[in-house]
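[1] just a sequence and a predicted model for now, questions to come.
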2 protein chains.
Amino acid sequence: MGRRGIELNDVHRLIKSKIEEKKRSTVELLQKLVQEDSTRGNEYKAQAVIIERCRELGMELDIWEVQEQGLKEHPFYRCDRTDFKGNPNLAALLKGTGGGKSLILNGHIDVVPEGDRTDWEYDPYSGKVIDGKLYGRGSTDMKGGTSSLLLAIEVIKELQIPLKGDIIFQSVIEEESGGTGTLAALLRGYEADGAIIPEPTNMKIFPKQQGSMWFRIAVKGKAAHGGTRYEGINAIEKGCTVISALNNLEHERNKRVKDPLYDNVPIPLPINIGKVESGKWPSSVPDLAVIEGRVGVAPWETMEHVEQEFEQCLASLGEEDPWFKEHPVEVEWFGGRWQPGDLSPDHPIMSQLKNSYKQVMTSNPVIEASPWGTDGGILSQGGGIPVVVFGPGITEVAHDANEFIELKRIFQTAEILTLFIIDWCNSEK
Amino acid sequence: MGRRGIELNDVHRLIKSKIEEKKRSTVELLQKLVQEDSTRGNEYKAQAVIIERCRELGMELDIWEVQEQGLKEHPFYRCDRTDFKGNPNLAALLKGTGGGKSLILNGHIDVVPEGDRTDWEYDPYSGKVIDGKLYGRGSTDMKGGTSSLLLAIEVIKELQIPLKGDIIFQSVIEEESGGTGTLAALLRGYEADGAIIPEPTNMKIFPKQQGSMWFRIAVKGKAAHGGTRYEGINAIEKGCTVISALNNLEHERNKRVKDPLYDNVPIPLPINIGKVESGKWPSSVPDLAVIEGRVGVAPWETMEHVEQEFEQCLASLGEEDPWFKEHPVEVEWFGGRWQPGDLSPDHPIMSQLKNSYKQVMTSNPVIEASPWGTDGGILSQGGGIPVVVFGPGITEVAHDANEFIELKRIFQTAEILTLFIIDWCNSEK
């Protein structure tokens, strides 16, 4: 056994015992974070808890309100919120001694709404702990992941482990609505040699992430009384034709996917029909159907390319059906857009993270491509930063009622990340 | 030329000149009726105008509030309104001298809502007259038709033309919501040897009317994130399957139609998809789609039969697709139901009406089956009364913005009906 092996094992032992010591306070921190409902526009109270902890950790704080100005021109900006007042972004710096690789640790503070409260067994903002699980909106997505980050930083600080590279911890708003918080951080100048985003991945490691865009399609019909429906054109029936064309497009797009990371994914690039509204009266032929959905963007695709292919598919409907030629469907790319991420699974940040994972879990990690976008796409596509998405949360319960996280995984993730940070930030640039 | 011919021509001349004399007051009456917005729950003011006119005509008045009690048990009753207070039904009797055939003249006082006011060129309740057309909600459907009835009665009264059979004039509520007003009149004991309902038929004569029923179908899916949509079942896509099955059922049903009255109707028995709602979020797989629509009932069909055939079609979806076997769609027969009407085109009431039509219009009337139900179905199916639907209103503008009626047609219809009433009510029972 070489010297380095022994040293690492010693450090690892210290890390393990420090994490053990900090379990209780970490759970309390996460409870506080969950108890502060940080849905869109209400991020400030949970953000204050994070700021307070970063201050205690002696980090250099940069707290700022996002300004629409300056962002508006960026091609990734797609946001229907104009007022960010009182709900700041945070970047907290742990300065390295120099010469090592820098690292962004990024978590979003915003959570999606709790939905129907009657679907929840406990109050959605209870932070209740039962049998090693902590319950509440945001526990898994992704305040639990952020707690792992803060625990890793705390361990490194308390054990006084020297780092050459900087750590830039970011707690951002707006991830759930398209990433304006992370985009603002990037445009404020925060770049690094790598980034980790602990979104709920079930502790799988995602070097690639599916991007996505929302679409809204207006399908025209012609109104008539239902009794003489042959005098009208039913927008709902035409809408079914549109949906079927999109199913075909999805099929075509997925036939082209060769990346082995998708070998076990039934539909790597889904086109999801999420919402349809048409008609007002059972006895009338509806003259408009509005279809909303989400199209998945491959890690290697540009959004512009996907838009083009999508619009072309819909334009070609007119070749089969003259109604569509005379009344082409209208496509609107509205709402949030999540850039895809496309890191090589062989990138050094991947190897080092896999290594740390193996040291802690004594098994190989699952490497996959995520079926959803994260703020990682903004950092990688917008800032050229190698990004890995890896976190303790449970994919299946994100955005759902009775969202929870297993506390054990938060500690395991913190342990893996502590080892990884030491390794990464002390690697030469 | 025989004696009867000369007499009729003389009477006809008198009728023509009486109608000429009454044109202005008839238009004023219709204006008043249109100006009183008699949407559901607000029928009383327009009804008061009718009552006042019937009183002036010296008719025997029966004004009563519909009571849910007693109606509730009737198989045709399907009504979501429980409070009829203050909005009475009216029956006004013009007693005959005895021995002749009695006649119900039925018009509904309720109108459908005006919809989006900005779609109207004039105030929807203006009653404005421009170029021989009177504009406003209810002008065509069917206050114009009711004005024809009242004018015919007025002419007969003023010319003191003797009638053997009784005339029962009815002004009822609730036609637009399924016919509770006419059902209440029937159950109050008002029966007759024939009935005319001057709904807007473009002065076509409809011995048969398509009935209709509303349906609501709940199609189940399974929720999932759009990025892993293969983990869910899309209720919208399953909804398209349901719609396609209903298109097939419509096709099968219409293949069986042999009645020559439908020779020129592309879809005699339409199944109209009127409304679809599914999903809430573009990035989620929706777990429920709700489809509402209207199924046409043939004059010779019972509603129970159509319900059965419809439900069977949906139940058979499970044979092709196991999802439907495990999650059968749910069908609800909600809202209004309009009974079909099925009078032989050779019935004496038809021959006499056609005759009167020819005398006034000097051309043959168009005989058709209406593509929508009226209160006629309740009188014929529920009371065994031969019903003909024939009126001055314009089919195409009923329920639409900028509804209007041509005044000329009101007078022509009144003239035809006056001749018909004299003929019918003086025919031997």
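    Sure thing, it's come through.
[2] domains in chain A, by residue range?
    What automatic domain parsing lists as the domains of chain A is A:3-209+A:340-425, A:212-337.
[3] as a markdown table, those with mean pLDDT and distance to B:Asp80 would be great.
    All C-beta atoms are positioned from the backbone trio N, CA, C, and that covers glycine. Listed next are those as a markdown table, based on pLDDT from 0 to 100; distance: least, Cβ to Cβ, whole Å:
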| stretch | mean pLDDT | distance to B:Asp80 |
| --- | --- | --- |
| domain A:3-209+A:340-425 | 95 | 26 |
| domain A:212-337 | 95 | 14 |
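[4] need these in a markdown table with mean neighbour count, can you?
    Below are these laid out as a markdown table (neighbours: other Cβ atoms under 10 Å in any protein chain shown):
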| stretch | mean neighbour count |
| --- | --- |
| domain A:3-209+A:340-425 | 20 |
| domain A:212-337 | 19 |
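[5] save these as JSON lines, and put in distance to B:Val219 too.
    Shown next, in JSON lines, are these (distance: least, Cβ to Cβ, whole Å):
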{"stretch": "domain A:3-209+A:340-425", "distance to B:Val219": "20"}
{"stretch": "domain A:212-337", "distance to B:Val219": "11"}
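[6] reformat the ones you listed as a markdown table; add distance to chain B.
    As requested, the domains of chain A are exported to a markdown table (distance: least, Cβ to the nearest Cβ, whole Å):
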| stretch | distance to chain B |
| --- | --- |
| domain A:3-209+A:340-425 | 4 |
| domain A:212-337 | 3 |
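[7] closest to B:Pro270 out of these?
    domain A:212-337 (4.5 Å; Cβ to Cβ).
[8] just the endpoints, please. Distance across the closest one?
    With Cα to Cα, to the nearest Å as the measure, domain A:212-337 spans 6 Å from end to end.
[9] can you check stretch A:45-65 too?
    Start-to-end span of stretch A:45-65 (Cα to Cα) is 14 Å.
[10] ok, and what's touching it?
    A:29, A:32-33, A:36-38, A:84-95, A:109, A:138, A:143, A:146, A:150, A:153-154, A:157, A:169, A:171, A:173, A:184, A:188 (Cβ atoms under 8 Å, 6 or more residues apart in numbering or on different chains).
[11] quick one: distance of it to the chain centre.
    Taking Cα atoms, centre = their mean, to the nearest Å, one finds the center of stretch A:45-65 at 22 Å from the center of the full chain.
[12] name the strands paired with the helix or strand that A:Arg294 is a member of and say parallel or antiparallel.
    For A:Arg294, the host element (DSSP states H and E) is strand A:288-297. Within its sheet, strand A:288-297 is paired with strand A:211-220 (antiparallel), strand A:271-278 (antiparallel), according to DSSP bridges.
[13] tell me the helices and strands packed up against whatever helix or strand comes next after the first one.
    Per DSSP H and E, the first helix or strand lying C-terminal to strand A:211-220 is strand A:224-225. Other helices and strands packing on strand A:224-225, by 3 or more Cβ pairs under 8 Å, 6 or more residues apart in numbering or on different chains; DSSP states H and E, are strand A:284-285.
[14] hang on, the earlier thing: among the domains of chain A, which comes closest to B:Lys22?
    Of those, nearest to B:Lys22 by Cβ to Cβ is domain A:212-337, at 32.6 Å.
[15] which residues touch the helix or strand immediately after the strand holding A:Arg294 in the chain?
    Later in the chain than strand A:288-297, the nearest helix or strand by DSSP H and E is helix A:303-315. Residues from elsewhere that reach helix A:303-315 (Cβ under 8 Å, 6+ apart): A:211, A:213, A:215, A:217, A:242, A:245-246, A:248-249, A:253, A:295, A:297, A:328-329, A:331, A:333, A:337, A:339.
[16] kindly recompute the last result at 10 Å.
    When contacts are defined by Cβ atoms under 10 Å, 6 or more residues apart in numbering or on different chains, helix A:303-315 is touched by residues A:75-76, A:78, A:211-213, A:215, A:217, A:219, A:242, A:245-246, A:248-250, A:252-253, A:269, A:271, A:295-298, A:301-302, A:324-325, A:328-331, A:333, A:337-340, A:377, A:381.
[17] that helix vs strand A:271-278, what angle?
    Angle, helix A:303-315 to strand A:271-278, by axes from the mean of the first three to the mean of the last three Cα atoms, to 10 degrees: 50 degrees.
[18] how about the strands paired with strand A:288-297 in TSV, adding distance to A:Pro198?
    Shown next, in TSV, are the strands paired with strand A:288-297 (distance: least, Cβ to Cβ, whole Å):
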stretch	distance to A:Pro198
strand A:211-220	19
strand A:271-278	25
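[19] would you confirm that A:Trp372 contacts B:Thr228?
    Yes. The criterion here is Cβ atoms under 10 Å, and A:Trp372 meets it with B:Thr228 at 8.0 Å.
[20] the strand or helix carrying A:Val27 packs against which elements?
    In this structure, A:Val27 sits in helix A:3-35 according to DSSP H and E. Judged by 3 or more Cβ pairs under 10 Å, 6 or more residues apart in numbering or on different chains; DSSP states H and E, the packing partners of helix A:3-35 are helix A:44-56, strand A:129-130, strand A:133-135, helix A:144-158, helix A:348-361, strand A:404-406, helix A:407-425.
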